[in-house]
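**Q** Predicted coordinates and the sequence they were generated for:
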Amino acid sequence: MAEAEGEILFERRGSLGLVTLNRPKALNALWLGMIRDMQAQLEAWAADPAVTRVAVRGAGGRAFCAGGDIRRIHAAAAAGRAAETDAVWRGEYGLVAYVARYAKPYLSLIDGIVMGAGVGISVHGGYRVASERYSFAMPEVGIGLFPDIGMTYLLPRLPGRTGTYLALTGARIGAGDALAVGLATHHVRSGDFDAILDGLAAGAEIEAVLAAHAAPPPAPGPLVTERGLIDDCFAGASVADILGRLDVAASAHAAFAAETGQLIRTRSPTSLCIALEQMRRGPGLSLPDAILTEYRLATRVTGSHDFLEGVRAVLIDKDNRPAWQPAQLEAVDPAAIAATFAPLDRPEPSFA
């Protein structure tokens, strides 16, 4: 249905299978119909010997994909339609897991914003090609959620404590930082994306095509320039400890530390505690097990006060004044956080 509506397009160009996310006014946000159509097409191309590589891009130039359609999820959760939200999480997480194990070379041409589900359908593929407009973020702690789509696995494996910084702040980074920590693999100007697709369609060797259009690496951002401070502060044993370390650094006139601490204090205290626990557990999990962990979290968090309130404040009313419950970190119950990670009391999907 989604393809018929033109919101996701599939093309065969020579030996290339091309996916175009085509909701530019919605920053190419994914909804369940698009997710299901994309997985079905990827499976068909996996079985087609004439298709030797797959590429994914976003239409419009502003965003590759700004995530899942959180407004739809919010509406379903607010109405108590648990089966609907469950279908979204199963579909989205299933697609992310499938991309991670895809049997053919998988390239993402990332121009503009890439967040949430957009990260999920790109970062787990072998080639993540960032344009000069690349802008990455996992801002879920700002809407009462948590960094998902495999971030429980990926973020703790980034250099030093950079992944923990990204999880707890939701801060945006550019191509320079993404290349430095491995979130992006190549840098190419957006104006050369069409030429890259032509080369891929002709069956040319992928690395040669990307090398022919490589652009000089852009200047790094805070993940590089503030790496020492990030590693020191985000090694804290708790969110409160991390904030305390940032406050000490800020008192020594570290503007970055002051800004970072201020940003974290705007986030959901519950989400912050969940995210930090993800960073602790992630190194011991496989990607499928990490995604299953996120499915358990999503099942429990989607109907929570902080999710409903966070989406209202940030995306619906846009007053940016969420009333978190609890409002203070010290009021978050550690036992309640641990319980959100527990297996569900019903059959669970497999993401292996």
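**A** Received, thanks. Numbering: from 1, shown residues only.
**Q** Show me the helices in the stretch 151-300 of the chain, by range?
**A** With DSSP state H, counting those that start in this stretch as the criterion, the stretch 151-300 of the chain has helices at 151-154, 162-169, 175-181, 193-201, 206-212, 222-225, 227-233, 239-251, 255-264, 269-281, 287-301.
**Q** Take those and write them to a markdown table, including mean pLDDT.
**A** Listed next are those as a markdown table, based on pLDDT from 0 to 100:
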| stretch | mean pLDDT |
| --- | --- |
| helix 151-154 | 98 |
| helix 162-169 | 98 |
| helix 175-181 | 97 |
| helix 193-201 | 98 |
| helix 206-212 | 98 |
| helix 222-225 | 96 |
| helix 227-233 | 97 |
| helix 239-251 | 97 |
| helix 255-264 | 97 |
| helix 269-281 | 98 |
| helix 287-301 | 98 |
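**Q** Redo those as JSON lines? Include mean neighbour count.
**A** Heads up, the C-betas are built off the backbone N, CA and C, glycines and all. Shown next, in JSON lines, are the helices of the stretch 151-300 of the chain (neighbours: other C-beta atoms under 10 Å):
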{"stretch": "helix 151-154", "mean neighbour count": "26"}
{"stretch": "helix 162-169", "mean neighbour count": "26"}
{"stretch": "helix 175-181", "mean neighbour count": "22"}
{"stretch": "helix 193-201", "mean neighbour count": "18"}
{"stretch": "helix 206-212", "mean neighbour count": "15"}
{"stretch": "helix 222-225", "mean neighbour count": "18"}
{"stretch": "helix 227-233", "mean neighbour count": "19"}
{"stretch": "helix 239-251", "mean neighbour count": "18"}
{"stretch": "helix 255-264", "mean neighbour count": "17"}
{"stretch": "helix 269-281", "mean neighbour count": "23"}
{"stretch": "helix 287-301", "mean neighbour count": "21"}
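**Q** Report the buried residues of the longest helix belonging to the chain.
**A** If you go by DSSP state H, the chain has its longest helix at helix 82-100. By neighbour count on 16 or more other C-beta atoms under 10 Å, the buried set for helix 82-100 is 85-86, 88-100.
**Q** Need the max-distance pair from these.
**A** Spatially, the most separated pair among these is Thr85 and Ala100, at 22.7 Å (C-beta to C-beta).
**Q** re the thing from before, in TSV: the helices of the stretch 151-300 of the chain, plus distance to Ala44.
**A** Output for the helices of the stretch 151-300 of the chain, formatted as TSV (distance: least, C-beta to C-beta, whole Å):
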stretch	distance to Ala44
helix 151-154	27
helix 162-169	34
helix 175-181	31
helix 193-201	18
helix 206-212	21
helix 222-225	38
helix 227-233	43
helix 239-251	45
helix 255-264	43
helix 269-281	34
helix 287-301	23
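**Q** Quick one: closest of these to Gly6.
**A** helix 193-201 (19.3 Å).
**Q** can you pull out the strands in the stretch 1-150 of the chain?
**A** For the stretch 1-150 of the chain, the strands defined by DSSP state E, counting those that start in this stretch cover 8-13, 16-21, 53-58, 63-65, 106-110, 113-115, 127-130, 135-137.
**Q** how about a markdown table for the ones you listed, with mean pLDDT, mean neighbour count and distance to Gln41 added?
**A** Output for the strands of the stretch 1-150 of the chain, formatted as a markdown table (pLDDT from 0 to 100; neighbours: other C-beta atoms under 10 Å; distance: least, C-beta to C-beta, whole Å):
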| stretch | mean pLDDT | mean neighbour count | distance to Gln41 |
| --- | --- | --- | --- |
| strand 8-13 | 97 | 16 | 5 |
| strand 16-21 | 98 | 22 | 7 |
| strand 53-58 | 98 | 24 | 9 |
| strand 63-65 | 98 | 29 | 16 |
| strand 106-110 | 98 | 27 | 13 |
| strand 113-115 | 98 | 26 | 20 |
| strand 127-130 | 98 | 25 | 18 |
| strand 135-137 | 98 | 23 | 25 |
